[in-house]
Every structure is written in structure tokens, then in C-alpha cells.
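Q: Got a predicted structure here, sequence first:
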Amino acid sequence: MALSKRPGNATEIARRVRAVARNHEDEHPSQMAACGAVGIKADALRARFLSTTLPIFERLGIHVVSVFAPGAPQGDLWYIVRFDSEAQHAAAWAAFGANEEWRRAKAASEEDGPLLASQKGCLLASLFERAD
């Protein structure tokens, strides 16, 4: 049902916003993160992420939705991951930080210095998802 285009339809809009919020209460949390590479180490950072980090994520229940690189030749790597619950989100990141395979791979790939210059991330609240 389409919203009326009449001015003053705030009650109907508020009702629909509450309905959308209720429908998203049980959604799985998603997180978007950006990793900035040190100088010329973007290729090494991306290679480590794709060959080592992704398989570890999957084993730990960190479901990878997408991985992106900017169109311009920058050192950033962006990714979106999804979790089964907020509790699983916290547990999965703790497990990743303590994962021995990850620690060994990180140390081996950083023998000549760190690959990661910066990292930022945020949890995402879904406002719309295509149901194709």
C-alpha cells in the first residue's frame, strides 16, 4: 500500500517506520570495515586478506558478504561481514584475535613491517534489503 501524498500523513509514516523496525529486530548484525595499507603494501594486504583472512573468517562464523577495493589506485580494502547474532559478533571477533593460524600468518606477512596502516569499522543497521 502506497503512502498518501497528502501533507500531514505523519501518523501513517510513523506506523510504517515502526513496522519496518519490528521486521528488522531479528536481523543478523552486519559490519562494514575499511583497512588502509601501509604505503606500497596494498597488494600484500589484499593477498593476505583473500588467501588467509577470508578462510579463517568463514571457519569462525564471520560470514563474508562482499569485499571491495576502491576504483582509484589506493591502498584501501573494504569488506562487509554478517553475523548470526550480536553475541556471536563479539565471540567471533574475540576468537579471530586469539586464532593461532591468524597470528602466525600475520607475523609471517609482516616480517618487513606492518601491512595495515589503519582500520575502522561500524555495525550497520539495515534500512532496505532487496529480496531478489
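A: Sure, I can see it.
Q: what about this protein, any weak spots by pLDDT?
A: Along the chain, segments meeting pLDDT under 70 span 1-27, 72-73, 132.
Q: at 50 instead, please
A: For the chain, the stretches with pLDDT under 50 are 1-4, 6-7, 21-24.
Q: quick one: the strands in it?
A: Assigned by DSSP state E, the strands in the chain fall at 30-37, 63-68, 76-82, 116-124.
Q: Can you give me the buried ones in stretch 118-132?
A: Residues of stretch 118-132 classed as buried: none (neighbour count, 16 or more other C-beta atoms under 10 Å). (Glycine included, C-beta is placed from N, CA and C.)
Q: re the thing from before, next, format the strands of the chain as CSV and append distance to Trp102.
A: Supplementary listing: those in CSV, determined by distance: least, C-beta to C-beta, whole Å:
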stretch, distance to Trp102
strand 30-37, 14
strand 63-68, 15
strand 76-82, 15
strand 116-124, 13
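Q: nearest to Phe49, of the ones you listed?
A: Smallest distance to Phe49 across those (C-beta to C-beta): 5.9 Å, for strand 76-82.
Q: For that closest one, buried residues please.
A: Those would be 76-77, 79-82, for strand 76-82 by 16+ other C-beta under 10 Å.
Q: Please convert these to JSON lines, extending it with distance to Val67.
A: Converted to JSON lines, the buried residues of strand 76-82 look like this (distance: C-beta to C-beta, whole Å):
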{"residue": "Asp76", "distance to Val67": "11"}
{"residue": "Leu77", "distance to Val67": "7"}
{"residue": "Tyr79", "distance to Val67": "5"}
{"residue": "Ile80", "distance to Val67": "8"}
{"residue": "Val81", "distance to Val67": "9"}
{"residue": "Arg82", "distance to Val67": "13"}
